[in-house]
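In: Next comes the sequence, and after it the predicted model I'd like to discuss.
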Amino acid sequence: MQDKKQLITIKGTREGLTLFIDESCSFSEAIKELHEKITKNKPKKEDPIVSVKIKLGNRYLQGDQDRQLNEIINEANGFQIDSIESEVIRKEDALKWKDDSKIKVINRIVRSGQELEVKGDLLLIGDVNPGGKVISTGNIYIMGNLFGIAHAGVEGDRNSCIVASYMKPTQLRIADYISRAPDYESEGVYMECGLVDREQNKIIIDRLQILLHKSKELSRFERRVQNG
Amino acid sequence: MGEAIVITSGKGGVGKTTTSANIGTALALMEKKVCLIDTDIGLRNLDVIMGLENRIIYDIVDVIEGRCKLKQALIKDKRFDYLSLLPAAQTSDKSAVTQEGMKKIIAELKQEYDYIIIDCPAGIEQGFQNAIAGADRAIVVTTPEKSSVRDADRIIGLLEKEEMEESPRLIINRIRNHMVKSGDMIDIDDIVQLLSIDLIGIVVDDEEVIKASNRGEPVALTPNTKASIAYRNIARRILGETVPLQPLENEKGMFQKMKKFFGIRA
């Protein structure tokens, strides 16, 4: 009888089980073996629920393969999938991810009636005139005057911030928060940023220095600048 | 080969037609062959300001729809031969003019004239699209008012999408010096900074402009009023000369009279 290589390796850790699935065999074989192993080692009813991490190595799951994995693991009650990790992702996903986390540098004037919408962070070199609007899923940095509307974290990221060399906006929007300019005539501010203040539950405008306390964004920014 | 310049503003009532008439007249005074085109179909004014209303037989819609030749519709100015006017139709609506039709007319006029000045209607709809269709350059007119500057900004944004030879240039019209000084009117520098395009001229608010328009004689023909000098300077800048902006401060005379007119202490 031929010595069959183990396709599934199970390791127990303090957090639960980790399943390593061999990356070079066919998916159907792996599924078959996984099925056998799971039914053989079915936990007893009184055991607590065990969380399972699946590591796929360099295997990419296509179509409904992840659903099949889920079904087998969850079939045996007592197991719960914590995560499925793979070293590879699709090029399409990778490009989208890269796109979403990149800083877009744009050099133009956003005039009245114009909208500039980007994925990821926006670095605008130029003004946003009254009636103009800039939108991004991340942070907005404006090297110029912000007179119009800026909407950061448009997909719901409340940690986004809006920075401008000169700020006298019609409205600032961050995720689902909106603030508007006061009704009385006021002067704008130089080199300040707008961000959501959790305690007051609204958007505040403050000196750039307070961004240091929100080190997450800034380090993210620095890293990205270094990466080009 | 001539050059077509569209005069536009977005907002109505800022002085597009007056500016067109005066720039056209000033260019003609410098012995350039100029043709003015009124594209405000249904609300034509340029012929009235030029005092040529009674000479209209055919108009631009007649040309486009082939009822007459382009030459038949052109009206020679009564004062000099260098200036002609292609009037707008008063009875048709804006859909009678197409962008192709405009391009064709302008291409034909370019053969004969040095400058074709197109007076654009207010708004950003089809009339505006028609007016800018055949233009090589654009001049945006604004007044020192928030709403008019906002509309100018919008128009500049639209013009930048068109493929023109150079970015639009700016005329600030109807400046009242005493209001700028007292801070009640937006500063010229602020307007230029906001719109960030080249300034080609400033024109003070001058009662002579209204008087002249009502007489059917563009103010650029009068020798010494502030507005006429401003318009002639703009024409010289269009020709490529470097002319410094006139100081707003007037020693005495014209401006003093204006202050009196508005009831303000000197």
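Out: On my side now, so go ahead.

In: how about low-confidence regions in the stretch 101-250 of chain B?
Out: Counting by pLDDT under 70, the stretch 101-250 of chain B shows low-confidence ranges at B:249-250.

In: Write out the residues of it neighbouring chain A.
Out: For the stretch 101-250 of chain B, the residues in contact with chain A (CB under 8 Å from any CB of the partner chain) are B:Arg150, B:Asp151, B:Asp153, B:Arg154, B:Ile156, B:Gly157, B:Leu158, B:Glu160, B:Leu194, B:Leu195, B:Ser196. All C-beta atoms are positioned from the backbone trio N, CA, C, and that covers glycine.

In: out of the residues you listed, who has the most neighbours?
Out: The residue in those with the most neighbours, by other CB atoms under 10 Å in any protein chain shown, is B:Asp153 (29 neighbours).

In: which ones are touching the closest residue to it other than its chain neighbours?
Out: With CB to CB, 6 or more residues apart in numbering or on different chains as the criterion, B:Asp153 has its nearest non-adjacent residue at 4.1 Å, and that residue is A:Ser112. With contact set as CB atoms under 8 Å, 6 or more residues apart in numbering or on different chains, A:Ser112 has these partners: A:Asn129, A:Pro130, A:Gly131, A:Gly132, A:Gly148, B:Arg150, B:Asp151, B:Asp153, B:Arg154, B:Gly157.

In: so is the last one in a helix, a strand, or just coil?
Out: Which is B:Gly157. Recorded secondary structure, B:Gly157: helix (DSSP: H, G, I helix; E, B strand; the rest coil).

In: What's the nearest residue in the stretch 151-266 of chain B when you look at chain A?
Out: Closest contact between the stretch 151-266 of chain B and chain A, by CB to the nearest CB, is at B:Gly157 (3.6 Å).

In: Can you report how many residues neighbour the nearest residue to that residue once chain neighbours are set aside?
Out: Using CB to CB, 6+ apart and skipping the chain neighbours, the partner closest in space to B:Gly157 is A:Arg111 (3.6 Å). When neighbours are defined as other CB under 10 Å, A:Arg111 has 27 of them.

In: for A:Arg111, phi and psi?
Out: phi -90, psi 170 (degrees, to the nearest 10).

In: tell me the contacts of it?
Out: A:Asn129, A:Gly131, A:Gly132, B:Asp153, B:Arg154, B:Ile156, B:Gly157, B:Glu160.

In: Repeat that for A:Arg158.
Out: A:Ile174, A:Ala175, A:Asp176, A:Tyr177, A:Val196.

In: Kindly report the same for B:Ser84.
Out: Contacts of B:Ser84 by CB under 8 Å, 6+ apart are B:Val34, B:Cys35, B:Leu36, B:Leu74, B:Ile75, B:Lys76, B:Asp77, B:Tyr113.

In: Would you confirm that the last one contacts B:Val34?
Out: Yes - between B:Tyr113 and B:Val34 there is a contact at 6.3 Å, judged by CB atoms under 8 Å.

In: more neighbours, those two?
Out: Using other CB under 10 Å as the criterion, B:Tyr113 and B:Val34 rank with B:Val34 on top: 27 against 24.

In: Could you measure from that one over to B:Ser228?
Out: 16 Å (CB to CB, to the nearest Å).

In: Can you add secondary structure and distance to B:Ile41 and give the contacts of A:Ser112 back as TSV?
Out: Shown next, in TSV, are the contacts of A:Ser112 (DSSP: H, G, I helix; E, B strand; the rest coil; distance: CB to CB, whole Å):
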residue	secondary structure	distance to B:Ile41
A:Asn129	coil	31
A:Pro130	coil	31
A:Gly131	coil	28
A:Gly132	coil	31
A:Gly148	coil	33
B:Arg150	helix	26
B:Asp151	helix	20
B:Asp153	helix	26
B:Arg154	helix	22
B:Gly157	helix	24
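
In: Let's have those in TSV, adding distance to A:Asp121.
Out: Shown next, in TSV, are the contacts of A:Ser112 (distance: CB to CB, whole Å):
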residue	distance to A:Asp121
A:Asn129	21
A:Pro130	24
A:Gly131	23
A:Gly132	18
A:Gly148	18
B:Arg150	28
B:Asp151	32
B:Asp153	26
B:Arg154	27
B:Gly157	24
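
In: B:Ala135: which of the residues you listed is nearest?
Out: Nearest to B:Ala135 among those is B:Gly157, at 16.2 Å by CB to CB.

In: so what's that closest one up against?
Out: With CB under 8 Å, 6+ apart, B:Gly157 has these contacts: A:Arg111, A:Ser112, A:Gly113, A:Gln114.

In: try 10 Å this time
Out: Shown in contact with B:Gly157 (CB atoms under 10 Å, 6 or more residues apart in numbering or on different chains): A:Arg108, A:Ile109, A:Val110, A:Arg111, A:Ser112, A:Gly113, A:Gln114, A:Asn129, A:Gly131, A:Gly132, B:Gly10, B:Ile124.
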